[in-house]
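# Got a sequence here, can you model it:
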Amino acid sequence: MSGVAPTAPGQLTEEMENQIKSPVAVPEAPPDYSSHFVPGPAGPAGPPPAGLPMGYYAPQQPGAMPTYHPIGGIHPIQYQPGKYPVTNQPAPVMWMPGPAPIPNCPPGLEYLAQLDNMHVLQHFEPLELMTGYETNNRYDIKNNVDQMVYFVTEDTDDFTRNAYRSLRPFVLRVTDSMGREIMTMQRPFRCTCCCFCCPCARQELEVQCPPGVTIGFVAEHWNLCRATYSIQNQKKENIMRVRGPCATYGCGSDSVFEVNSLDGVSNIGSIIRKWNGFLSTMANADHFEIRFPLDLDVKMKAMIFGSCFLIDFMYFESTPRRSSR
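Next comes the predicted model:
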C-alpha cells in the first residue's frame, strides 16, 4: 500500500508504547464537572487501591451509584443548601425567656406578669378519633409571638377516662420550660344523677400553685340557659364571675366567655374558644384565647387560666363515637 511506511517487528509507535505502559489512561487534569454538588470539609485521606493512580478508584458494587472523588483526598459530597428539603427533623420549640423573680409571687407565675393574653392549644389525638379510646389531654400554652409558656398534661387513669368520659374527675399538671410542675388543677367527681340545680351536681375546679398550696376555686352556678361560674379565693369567697353565651357550642363562630366583676359592671377579661372548622367539630383539638389586663394580679390570672380548662371539659370535650359490634 502506497503512502504508509511499514513498521518493522519489534518497533512500536509512541502511542502504542504509552497504552502498554498504563492500562488505565490518566488525563493530565481531572475533568471539569459542572455539577450542583459542592465538596464538604476535608476528611481523612487514605491511600488509593494498589495499581491505580491517586484520585481514581475502582468501580463500585453492581447497582451502586458511582461517586466522583477529587484528587488530593476523600471529600464527602454534600447537597447545596436550599436545593433539597431536609426531612425527619422536628422544628425546635421556642420557649418564652424566663423572667426575673417577683416578690410575693408563687414560683412559676412570673411569666403571667408579662402577659395580657395566652393561647391554649390542645393536641390532636388521631388514635382517639379513630378508635374512640379516650386518652390524656395535652395542651401547649403560648404567647402572642408563638413562644411556649407552659405545657399542660392530664394525669388520669385509663379506667376513669373511658368510664366517665367528659364527666371524669381529672388532675392537670402545668410545667414550665425546665420541666418543673408549677401548678396543679384538680376536678373532683360530681354526681350528675341528682337534680341539675342541686349544689352537689355543680362542677368545681381547685387550682394549686405551687402544687399543694391552694390559691382558689372555680365553681359552677346553676343557670337556665348560660354557663355561669364564680372565681373564688382560697377561702371560697367570690372574686369574679364568668358568663358564657346562650349557645355555648357555637357552630361556625367563636364562643366568648366574659370575665366580669361581681357587680357585672366592669369587664376584666375573656376566655374565647376559637372556631377551627373540621377540628372543632370532629376532634378534640380546641384553641382558646385568654385575655386579661396586664396589671392584674398573677394569682387572678392563674384562676382565669384554670377556668378555661373546666369550660373545655364541660362543653367542648366531645366524646368520640365508639364502634358497636
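# got a list of contacts for the strand or helix carrying Thr184?
Using DSSP states H and E, Thr184 maps to strand 181-187. If you take C-beta atoms under 8 Å, 6 or more residues apart in numbering as the criterion, strand 181-187 is touched by 106-109, 150, 169-176, 203-212, 302, 306, 309-310, 313. C-beta here means a position set from N, CA and C on the backbone, and glycine is covered the same way.
# Mind doing that once more with 7 Å?
107-108, 169-176, 203, 205-211, 302, 306, 309-310 (C-beta atoms under 7 Å, 6 or more residues apart in numbering).
# same check, this time on stretch 145-153
93-96, 111, 118, 136, 138-143, 172-177.
# Start and end of stretch 168-187, how far apart?
Taking C-alpha to C-alpha, to the nearest Å, stretch 168-187 runs 8 Å from one end to the other.
# what about the helices in the chain?
Using DSSP state H, the helices found in the chain span residues 14-21, 126-131, 158-164, 278-282, 298-311.
# rewinding a little: quick one, which of the contacts of stretch 145-153 are buried?
95-96, 111, 118, 136, 139-143, 172, 174-177 (16 or more other C-beta atoms under 10 Å).
# now, which of those sits nearest Asn260?
Using C-beta to C-beta, Met118 comes nearest to Asn260 of these, at 18.9 Å.
# Is it correct that that closest one is in contact with Phe288?
No - the criterion here is C-beta atoms under 7 Å, and Met118 misses it with Phe288 at 8.4 Å.
# Low-confidence ranges, the stretch 101-250 of the chain, go.
192-200, 247-250 (pLDDT under 70).
# One more pass at 90, please.
101, 103-104, 124-135, 161-162, 164-167, 189-202, 221-227, 245-250 (pLDDT under 90).
# any chance you could map the strands in it?
In the stretch 101-250 of the chain, the segments counted as strands under DSSP state E, counting those that start in this stretch are 117-122, 138-142, 148-154, 170-175, 181-187, 204-208, 214-221, 228-232, 238-243.
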